[in-house]
Every structure is written in C-alpha cells, then in structure tokens.
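Enquirer: here is the input, now give the coordinates:
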Amino acid sequence: MPKIIIFVFATSRVKVRRAGEGDISVLMAFAEEFMHEAATREERLAILKSYLNDADYELWVAEVNGEMAGFIDLWIIHDFCHGGKLGYIQNLYVAPKHRRMGVGSKLLRKIVERARELRALEIHVVTEFNNESAIRLYKNMD
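Expert: Numbering: from 1, shown residues only. Model (predicted):
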C-alpha cells in the first residue's frame with residue numbers, strides 16, 4: 001500500500017517585515033511575475049524607489065526560512081468625506097512555491113494591524129472577479 005505523506009507548514013516560520021532598498025531586486029522580479037509586461041523595468045523601478053520613502057505608503061514582505069516569499073502594500077488616503085484615513089491594498093503577491101502555506105494570510109493580518117495602528121477607518125482592496133483564491137483570502141479576514 002502506498003504511503004501518504006502530509007507536509008504541514010507552520011505560519012510561525014513566516015516572517016513579515018517592512019521592505020527596504022535591499023529588497024528591490026526580488027520585488028522587481030515578483031512584479032514581473034505578478035503583472036508581466038504591465039510596465040517597463042525602468043517605470044517600475046522609478047515608482048518603487050520613490051514610494052519606499054512616502055509617509056502614506058507601506059510595503060511589507062514575507063520571508064520563509066530567509067527567502068522572500070511575497071509582498072503586500074498599503075496606501076493611506078486622507079478622505080474628507082469619511083473624515084479620516086482609509087487604507088488601500090493595491091497589491092498582494094505570493095510566489096507560486098509559497099502559496100497555500102499561510103503567507104498571504106500573514107501579510108494581510110499585518111496590513112490590518114498597521115491600518116488599525118494608523119487609525120484607518122476602513123481598508124479597501126481590489127482584485128479581479130475571477131481571482132477566487134484572493135477573494136476567499138479577503139473574505140476569511142472577517
């Protein structure tokens with residue numbers, strides 16, 4: 001009878017930290033995987049470098065055993081209609097080999113935590129209608 005081996009991945013091995021200048025090369029590779037041909041390398045690099053130091057933008061990365069596994073970003077928008085700050089998640093990406101291991105959930109929890117610390121009234125996120133795994137992830141954050 002064949003053996004069934006089950007691997008259990010502990011999300012405690014996932015470390016989430018703020019992105020920095022030293023992460024740019026991996027972030028650029030992830031961006032190309034995530035949205036192939038959406039922008040040139042030069043366009044992405046200029047935007048990434050300019051916003052890493054923007055007070056209303058945060059970029060967080062996840063590492064698994066010291067290897068970068070994904071990223072998420074948070075924009076803080078000051079909205080006069082709401083009378084306060086709103087959080088926007090523009091991008092959430094997990095490298096294919098690290099998917100279904102809790103990396104996306106850990107990144108998302110960090111953003112929720114940061115939005116609370118920054119006193120954001122709401123967090124908005126956009127994804128494609130057919131991105132069922134992302135929709136499931138966001139719905140499970142209730």
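Enquirer: number of nearby residues for His82?
Expert: His82 is flanked by 12 other residues according to other Cβ atoms under 10 Å. Yep, even glycine has a C-beta here, placed from its N, CA and C like the rest.
Enquirer: do the same with Leu118
Expert: Residues contacting Leu118 under the criterion other Cβ under 10 Å number 13.
Enquirer: pretty sure it contacts Ile76?
Expert: Yes: counting by Cβ atoms under 8 Å, Leu118 does reach Ile76; the two are 5.9 Å apart.
Enquirer: mutual contacts of the two, please.
Expert: Common neighbours of Leu118 and Ile76, using Cβ atoms under 8 Å, 6 or more residues apart in numbering, are 85, 87.
Enquirer: residue ranges in the protein under the pLDDT threshold?
Expert: Applying pLDDT under 70 to the chain picks out residues 1-12, 142.
Enquirer: if I pick the most centrally placed residue in it, what's in contact with it?
Expert: What sits nearest the mean C-alpha location of the chain, by Cα atoms, centre = their mean, is Ile72, with 1.5 Å. Ile72 makes contacts with 59-60, 62, 89, 91-93, 107-108, 110-111, as judged by Cβ under 8 Å, 6+ apart.
Enquirer: do that again at 6 Å, thanks
Expert: Ile72 is in contact with 60, 92, 107, 111, counting by Cβ atoms under 6 Å, 6 or more residues apart in numbering.
Enquirer: please apply the same query to Ala134.
Expert: Thr127.
Enquirer: and the strand or helix carrying Ala134, how far out from the chain's middle?
Expert: According to DSSP states H and E, Ala134 maps onto helix 132-139. Helix 132-139 sits 13 Å away from the centroid of its parent chain (Cα atoms, centre = their mean, to the nearest Å).
Enquirer: dump that helix to PDB, keeping only the CA atoms.
Expert: Taking Å, rounded to 0.1, in the frame of the first residue of the first chain, the C-alpha atoms of helix 132-139 are listed here in PDB:
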ATOM      1  CA  GLU A 132     -11.200  33.200  -6.500                       C
ATOM      2  CA  SER A 133      -8.300  32.400  -4.100                       C
ATOM      3  CA  ALA A 134      -7.700  36.100  -3.400                       C
ATOM      4  CA  ILE A 135     -11.400  36.700  -2.800                       C
ATOM      5  CA  ARG A 136     -11.500  33.700  -0.400                       C
ATOM      6  CA  LEU A 137      -8.500  35.100   1.400                       C
ATOM      7  CA  TYR A 138     -10.100  38.500   1.800                       C
ATOM      8  CA  LYS A 139     -13.400  37.100   2.900                       C
END
